[in-house]
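Fold the following for me, if possible:
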Amino acid sequence: MSIKIGNTELESGLFLAPMAGFTDYSFRKICRERGAEYTVSEMVSAKALCYEQVTRKTDESALKTAPLAAVRAEEYPMAIQLFGSEPEFVAKAAKMIEERSYKGCTSPVSPVAIDINMGCPMHKIVSNGEGSALMKDPSLAARIVDATVNVLKNTPVTVKIRAGWDASSKNAAEMARMLESAGASIICVHARTREEMYNPGIDMDIIASVKSSVNIAVVGNGDICCADDALEMISKTGCDGVMIGRGALGNPWIFDEICARISGREYMPPTFEERMDTCLEHVRTMREDKGEHVSAAEIKKHAALYIKGVRSAASTRDRIMKTRSTSEIEDIIQELKDIHLKEEEHA
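Numbers count the residues shown, from 1 in each chain. From the prediction side, this is the model:
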């Protein structure tokens, strides 16, 4: 199983899903080092990026949207995900990102692809006609893709969609055909409707129907928490790759687990020490990237997920949530690690 995006080939087709508030540089790096072949940025507002170009602010460090579109050379292959409902804004933002011509750009390289979000179910997004609201207007969705494809020189356009808006309008296959005709290179299908949000259970038949409806690569997404889930999706839908989102939170090793099953090699789960060391690495990487103030707040949710399932996880999570610095979080994780090592010595 492999997928080609432009000149980039993914041997196993393992994607890290874009997740607002989670898939920043530090988490993408952690996942890449543990088997993710392809990552996607957090959602970037096309309109916000365009409006930042006319701001009177002279201090570029004060810009909010530009940093989300940053691409580091070591992250290849990586895509930037845009959201918006107006073709001209999405196309303009995509072109600026490809050319690295926007205010506040720190990218030494352009992304491998521009991904357009047509699947986000959050109210503040769909209330503006963006994200999964576009599932209700396939013609507009196609115009957005067409406009974006036509302004880019060498960058493919991919799209993430949902099964549909609600149970009575599961139109993913129809939508995919229109997006393919508009020039999309890959379609990723989250196999839930917007109405279902992130409720347990997905409709794999939807992914299969999209796969049989288009000639471009199709990536399946939804409820993949282990290698068995990924292989079941591939087997039942015929999808060309899988995209893992929440299943990777606190468990970035899921990519190596899936890759091992696909390639037929033995998978060795991380030890408790490796889990804690990865958590500590995550804290330090985020701190180096975002600084102490932002990291002290944002790393808590990740740290709480790394300790999920360990003894006294609830009380430890409470301690983490009450911390005021990254060093406090490091101390708590190191304490957990030391206690475990002592228990092993006396076992």
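
how about the strands in the stretch 101-250 of the chain?
Taking DSSP state E, counting those that start in this stretch as the criterion, the stretch 101-250 of the chain carries its strands at 113-118, 157-164, 186-193, 217-221, 241-244.

The ones you listed: which one's closest to residue 136?
strand 157-164 (8.8 Å; Cβ to Cβ). Just so you know, the C-beta spots here come from the backbone N, C-alpha and C atoms, and that holds for glycine as well.

For the one helix or strand in the chain whose mean pLDDT sits lowest, buried residues please.
Each helix and strand of the chain was given a mean pLDDT (mean pLDDT, DSSP states H and E); the minimum falls on helix 326-345 at a mean of 88. Using 16 or more other Cβ atoms under 10 Å as the test for burial, helix 326-345 gives 326, 329-330, 332-333, 336-337, 340.

Near residue 246, how many other residues are there?
16 (other Cβ atoms under 10 Å).

got a list of what residue 330 touches?
Neighbour list for residue 330: 280, 283-284 [criterion: Cβ atoms under 8 Å, 6 or more residues apart in numbering].

I'd like to know which of the strands of the stretch 101-250 of the chain lies nearest to residue 37.
Comparing these by Cβ to Cβ, strand 241-244 comes nearest, at 8.5 Å.

if I look at residue 326, how far off is residue 287?
Per Cβ to Cβ, to the nearest Å, residue 326 is found 5 Å from residue 287.

Give the residues shared as contacts by these two.
Joint contacts of residue 326 and residue 287 (Cβ under 8 Å, 6+ apart) are 295, 299.

circling back: include distance to residue 24 when you put the buried residues of helix 326-345 into JSON lines, please.
As requested, the buried residues of helix 326-345 are exported to JSON lines (distance: Cβ to Cβ, whole Å):
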{"residue": "326", "distance to residue 24": "15"}
{"residue": "329", "distance to residue 24": "16"}
{"residue": "330", "distance to residue 24": "19"}
{"residue": "332", "distance to residue 24": "22"}
{"residue": "333", "distance to residue 24": "19"}
{"residue": "336", "distance to residue 24": "24"}
{"residue": "337", "distance to residue 24": "24"}
{"residue": "340", "distance to residue 24": "28"}
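
The closest residue to residue 146 other than its chain neighbours: neighbour count?
Once flanking residues are discounted, residue 146 sits nearest to residue 182: 4.2 Å by Cβ to Cβ, 6 or more residues apart in numbering. Residue 182: 21 surrounding residues under other Cβ under 10 Å.

doesn't residue 139 make contact with residue 182?
No - under the criterion of Cβ atoms under 8 Å, residue 182 is not in contact with residue 139, lying 10.0 Å apart.

Next, count neighbours for the nearest residue to residue 287 once chain neighbours are set aside.
The spatial neighbour of residue 287 that comes closest, neighbours along the chain excluded (Cβ to Cβ, 6+ apart), is residue 295 at 4.4 Å. Close neighbours of residue 295, defined as other Cβ under 10 Å, add up to 23.

Check the secondary structure at residue 295 for me.
Secondary structure state of residue 295, per DSSP: H, G, I helix; E, B strand; the rest coil, is helix.
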